Every structure is written in structure tokens, then in C-alpha cells.
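Peer 1: With the input below, show me the fold.
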Amino acid sequence: MPVSLFIAARKTPLCAIACCLSLSFGSTSADDSIRAEIEVLRAAKDSLLKSEDSPLLPEQRAHFEQLAYYPIDLRYRLRGELHIYGRQRIVEIPNTDGTTTELERFGRFVAAFGEKDFWLEVYRSPQTGEAEVFFKDLTNGHTTYGGGRYARLTREGDGMYVIDFNNSYNPYCAYNPTYICPLPPRQNHLDFAVEAGELMPTDAPP
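Peer 2: Numbering: from 1, shown residues only. Below is the predicted model of the structure:
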């Protein structure tokens, strides 16, 4: 079975497209630039899912047009601190098929949404070095994929970190049950609704 850890779109120039796009928005506001980058990333993922590298089943890809998302809401672009663990270690994260995936337990992202403080455990891939969180929230099984979603962690120039839940995405097993995906750990189950990012696929597997 193929493994879906950090989305295969990482092999496509999604981040490079967004970076190039940001250079062309000097005359727009910062919020407008962020919104435009989010739209470009979404369009790039749609293109990926239509390509030969798509995780979609052939019968799904034949009629696929675009993914569904919540409207962009910059309240869900959250700045916070990354508390890197003094003793980082490789841990086994349970997968959707009962197996485990080895990831580096990297640190805690500490932030607030409104007046609610929260933290998420951050994992890092030994292969790519990318830092990511796997999370669940109160939308799962209702408007978003029941198994949870993933979100990337990025570092700002001032040393703070950002998780933009507008870019949160479904693991590949949300589209195709032959994929194996890490499950969000218990400590990353948020007690509020993250009404941002990718919605449940219309033809999600059971």
C-alpha cells in the first residue's frame, strides 16, 4: 500500500509557485497577498489531483473538477511559538491500517484562537525535514474528513511560527482507501471547530 505522509504535492512546485506569486504583489495589501497565495496553492493541488500522480481512483479522476474548501478566513492564520523539545526522538505514530510510521517528535506549537489557548505537537519527517501537525477538531465527520487533517508549520522572519488552517488538507486516504496515513495523536484533538481549509471529499471512502 502506498504511504501518504506529507502530501505528495510537496514534490510539485506548490511552495515555489506561492513564493513567486508573493513577489508580484508589491502593490497589494499583506492580506490580499496571503489570500492570493492560498488560492494559488489550492489551484495547484487541483492540478495535481488531475495528473498522473493523483491519489484519486480512476473513476474519481474522470469526473474530478476541484476540491471543496471553506471560504478563506484569515482568523485561522495563527502565529505562535514553537517550543522545540530538548530531547527529540523518533516515535511510532499509528496509521489508518493499524501499522505505524516513524516520525521525529519535534516540538509544540503554542498559540491562541480568539481567547482560547492551545498547543499542537509537531512532527518532523526524517526524510524531508518538513515540520507538520496532524490534527482533529469539531468539524471532523461533519464538514471535514473524519480521520483528521494535516497542516504545515512555517517560520516567520521574526522567529515566530505560523499554521494557516486555510491551507489544512486531507491525507490521501481521504480520497483512496489504499493509502496509509498517520492518525492525529490524542494530544492534537482540538476542542473547537477549525472552519477553514479543505472540506470532506464528496466521494470519500468509508
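
Peer 1: what residue lies at the spatial centre of this structure?
Peer 2: The chain has A151 as the residue nearest its centroid, 2.7 Å off, counting by Cα atoms, centre = their mean.

Peer 1: Return the residues in contact with that one.
Peer 2: Neighbour list for A151: 132-133, 135, 163-165, 167-169, 197 [criterion: Cβ atoms under 8 Å, 6 or more residues apart in numbering]. Using the backbone N, CA and C atoms, a C-beta is placed for each residue, glycine as well.

Peer 1: R35 now?
Peer 2: Counted by Cβ under 8 Å, 6+ apart, R35 has contacts 72, 74.

Peer 1: Go again with 7 Å.
Peer 2: By Cβ atoms under 7 Å, 6 or more residues apart in numbering, R35 lies in contact with I72.

Peer 1: Give me the below-cutoff pLDDT ranges for this structure.
Peer 2: 1-28, 203-206 (pLDDT under 70).

Peer 1: Which stretches in it count as strands?
Peer 2: Secondary structure of the chain (DSSP state E): strands at 77-94, 100-113, 116-124, 131-135, 149-155, 161-164.

Peer 1: Show me the strands paired with the second one, marking each as parallel or antiparallel.
Peer 2: The one in question is strand 100-113. Paired with strand 100-113 in the same sheet, following DSSP bridges, are strand 77-94 (antiparallel), strand 116-124 (antiparallel).

Peer 1: show me the biggest helix of this protein in terms of residues.
Peer 2: helix 30-50 (DSSP state H).

Peer 1: Show me what counts as buried in that helix.
Peer 2: Neighbour counts over helix 30-50 (16 or more other Cβ atoms under 10 Å) mark 33-38, 40-42, 44-45, 48-49 as buried.

Peer 1: Other residues contacting stretch 92-111?
Peer 2: Identification of contacts with stretch 92-111 by Cβ under 7 Å, 6+ apart yields 1, 3, 5, 78-85, 88-91, 118-126, 131, 133, 147, 153, 161, 163, 173, 180-183, 185.

Peer 1: Please produce a ChimeraX select command covering the buried subset of the residues you listed.
Peer 2: To isolate in ChimeraX the members of the contacts of stretch 92-111 that are buried, counting by 16+ other Cβ under 10 Å, one can use:
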select :5,78,80,82,118,119,120,121,122,123,124,125,131,133,147,153,161,163,173,180,181,182,183,185
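
Peer 1: coming back round to it: between the strands of the chain, which gets nearest to G141?
Peer 2: Checking the strands of the chain against G141 by Cβ to Cβ gives strand 149-155 as the closest, at 11.9 Å.

Peer 1: P55: neighbouring residues, count only.
Peer 2: By other Cβ atoms under 10 Å, the residues close to P55 number 21.

Peer 1: now it: how far from G129?
Peer 2: As judged by Cβ to Cβ, to the nearest Å, P55 and G129 stand 23 Å apart.
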